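**Q** sequence plus predicted model, see below.
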Amino acid sequence: MRTAYSVETVRAAERELMDRLPDGALMRRAAAGLAATAVRMLGWVYGARVLLLVGGGDNGGDALLAGALLARRGAAVTAVLLSPDRAHPGGLAALRAAGGSAGPAAAVSGRALVADLVLDGITGIGGSGGLRPEAAELLARLEARRPGAAEPAVLAVDLPSGVDADTGEVPGAAVRATATATFGAYKPGLLVDPGRQRAGTVRLVDIGLGPHLPPQPDLLALQHSDVARLLPLPSPESDKYRRGVVGVAAGSARYPGAAVLAVGGALRGGAGAVRYAGHAAEGVVAAHPETLVSGGAPREAGRVQSWVVGPGLGTGAEAERAVAQVLEADVPVLVDADGLRFLDPGQVRARRAPTLLTPHAGEAAALLDVAREAVESERLVSVRELARRYGATVLLKGSTTLVASGGRPVRVNPTGTGWLATAGSGDVLSGLAGSLLAAGLDALDAASVGAYLHGLAARLAPEPCTAVEVAAALPSAWQQVRATAGTD
Ligand SMILES: NC(=O)C1=CN([C@@H]2O[C@H](COP(=O)(O)OP(=O)(O)OC[C@H]3O[C@@H](n4cnc5c(N)ncnc54)[C@H](O)[C@@H]3O)[C@@H](O)[C@H]2O)[C@@H](O)CC1
Ligand SMILES: [K+]
């Protein structure tokens with residue numbers, strides 16, 4: 001399991017740890033890890049040209065100290081000081097003593113900007129808002145320099161400057177890193193888009209913070225072994241009813257395919273049987289003869305342990321009735337796509353059994369009555385707010401799928417891939433997660449395990465994949481998780 005902690009929590013842990021250590025010890029640990037990462041990225045040190053972008057806080061201090069370590073090993077290190085009068089004095093002295101040079105941004109020549117590696121120490125967890133104009137101009141100069149020449153690798157110190165550490169928001173200019181060396185703990189902004197895309201490969205540098213962090217992180221990402229533990233497996237006494245029956249109320253005369261895809265996902269999510277209720281029964285049976293189908297309303301479909309409602313359901317009165325009936329059932333309910341249009345927060349909050357909502361950014365924007373762009377730039381805030389407003393578990397689909405549920409840490413899905421941006425893939429996910437609900441997983445686990453397998457299946461499917469191929473690859477994803485559990 002990969003965990004991430006908010007700035008407030010990291011700072012509190014750092015204070016605790018610093019009280020027990022000699023002055024500057026933590027920063028020296030951070031700088032040593034940073035320099036080691038730089039060496040790994042460069043592949044050599046002697047003669048390498050290293051450029052440090054140095055802000056006025058300790059993030060710049062880390063860069064200067066790491067620069068001093070590299071200069072001692074023969075690298076040509078130049079520091080650009082964005083706040084010369086506030087540059088970390090110890091770091092600056094160390095760099096100069098090691099043979100490195102430093103000067104204000106205005107004094108840096110174009111030649112000095114040519115480097116094999118850039119260390120971004122403009123801001124770390126103390127940064128706020130987009131980068132200030134001087135820092136933004138320096139980045140623009142770096143990017144514009146020598147068009148056509150090979151881009152230098154950029155190593156972000158703690159996090160890419162300009163990325164909000166707590167949310168992953170990028171409110172203005174920001175560094176785009178090849179890699180990030182982060183200290184003590186992952187910050188949420190390194191795992192959530194758009195910040196995640198700026199971070200490149202993230203390496204966690206241990207500075208001894210672990211014992212001082214609280215047991216509950218703010219954000220976490222499951223890995224193979226976590227998912228393997230959660231997969232519902234049949235026991236020798238299992239029968240199809242004990243393994244759970246999932247009901248699917250999806251599809252319509254206009255969108256029969258959504259029903260076929262949702263059932264396809266549901267059949268591969270660990271439940272023992274799938275009941276389908278709706279107007280696409282013929283197509284569903286043709287594609288999946290093992291489905292128990294009825295052409296009527298969900299209420300008449302027979303007993304289920306969970307419901308999936310919404311994909312391709314349409315927007316008419318009949319669709320609205322199907323959603324209402326499903327929400328009245330005292331079993332876990334997953335609401336997706338068209339079904340999300342008919343939700344009343346009071347009705348959802350009043351349910352005793354869990355409710356799982358699975359909107360994409362556009363649907364989440366409609367539920368929150370904000371613009372889609374606002375959801376995309378503030379994904380973490382949006383998913384938490386939706387979960388709070390509806391008293392439900394919410395899976396927000398997108399480049400980084402997030403799942404929020406009450407006061408528990410938000411889960412971020414690490415297996416996503418752009419190939420999932422294909423028609424019908426969301427229908428497969430809703431069937432799959434609904435099936436996991438029927439098999440007995442709680443809503444947070446069903447949603448995050450569903451998203452994990454779904455992303456992995458898309459990676460295993462032929463490229464470029466269709467939604468049918470994603471569903472078909474689910475057993476391979478499931479088997480891969482089981483086979484490699486414990487080795488990650
Ligand atoms: N606290 C600790 O014990 C440790 C901190 N470490 C480093 O210290 C960093 C935090 O240091 P600080 O609290 O000094 O804060 P930062 O260095 O992250 O940022 C503060 C500085 O950036 C400027 N700034 C803020 N927003 C800006 C913006 N949008 N554009 C340009 N400049 C901006 C501020 O005026 C200030 O000079 C961590 O990210 C990490 O790199 C590490 O050395 C490990 C130990
Ligand atoms: K930084």
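**A** All right, it came through fine. Being a predicted model, the structure only gives us computed values, none of them experimental. Ligands and ions are numbered 1, 2, ... in the order given.

**Q** which bits of the chain sit near ligand 1?
**A** For the chain, the contact set with ligand 1 under Cβ under 6 Å from any ligand atom comprises 14, 18, 26-27, 30, 55-60, 62, 83, 86, 122-129, 131-132, 135, 157-158, 183, 207. (C-beta placed from N, C-alpha, C; glycine too.)

**Q** do that again at 5 Å, thanks
**A** 14, 26-27, 30, 55-59, 62, 123-129, 131-132, 135, 158, 183 (Cβ under 5 Å from any ligand atom).

**Q** got a quick ChimeraX command for the buried subset of these?
**A** Per 16 or more other Cβ atoms under 10 Å, the buried members of the residues of the chain next to ligand 1 correspond to this ChimeraX selection:
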select :14,26,27,30,55,56,57,58,59,62,123,124,125,127,131,132,135,158,183
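
**Q** just checking, which of the residues of the chain next to ligand 1 belong to strands?
**A** The strands, defined by DSSP state E, take in F183 from the residues of the chain next to ligand 1.

**Q** measure G398 to D158 for me?
**A** 25 Å (Cβ to Cβ, to the nearest Å).

**Q** do the same with T37
**A** From T37 to D158 the distance is 12 Å (Cβ to Cβ).

**Q** then G55?
**A** From G55 to D158 the distance is 11 Å (Cβ to Cβ).

**Q** and the strands in the stretch 251-400 of the chain, which stretches?
**A** For the stretch 251-400 of the chain, the strands defined by DSSP state E, counting those that start in this stretch cover 273-277, 292-294, 306-309, 333-335, 355-357, 393-396.

**Q** mind checking how far the fifth one is from the chain centre?
**A** If I follow you right, that is strand 355-357. 19 Å (Cα atoms, centre = their mean, to the nearest Å).

**Q** so what strands line up beside it?
**A** Here strand 355-357 is paired, per DSSP bridges, with strand 333-335 (parallel), strand 393-396 (parallel).

**Q** ranking the ones you listed by burial, who's on top?
**A** Across these, the average number of neighbours (mean count of other Cβ atoms under 10 Å) peaks for strand 333-335, which reaches a mean of 31.

**Q** which residues of the protein lie near ligand 2?
**A** Selection of the chain residues close to ligand 2 by Cβ under 5 Å from the ion yields 120, 156-157, 161.

**Q** repeat that with 6 Å
**A** 59, 120-124, 156-159, 161 (Cβ under 6 Å from the ion).

**Q** show me which of those residues is closest to R388.
**A** L159 (26.5 Å; Cβ to Cβ).

**Q** most proximal residue of the stretch 251-400 of the chain with respect to ligand 1?
**A** Residue of the stretch 251-400 of the chain nearest ligand 1, by Cβ to the nearest ligand atom: S377 (16.2 Å).

**Q** quick one, what contacts that residue?
**A** Contacts for S377 (Cβ atoms under 8 Å, 6 or more residues apart in numbering) come out as 169-171, 194.

**Q** ok, now G189?
**A** Counting by Cβ under 8 Å, 6+ apart, G189 has contacts 159, 163-169, 195-196, 199.
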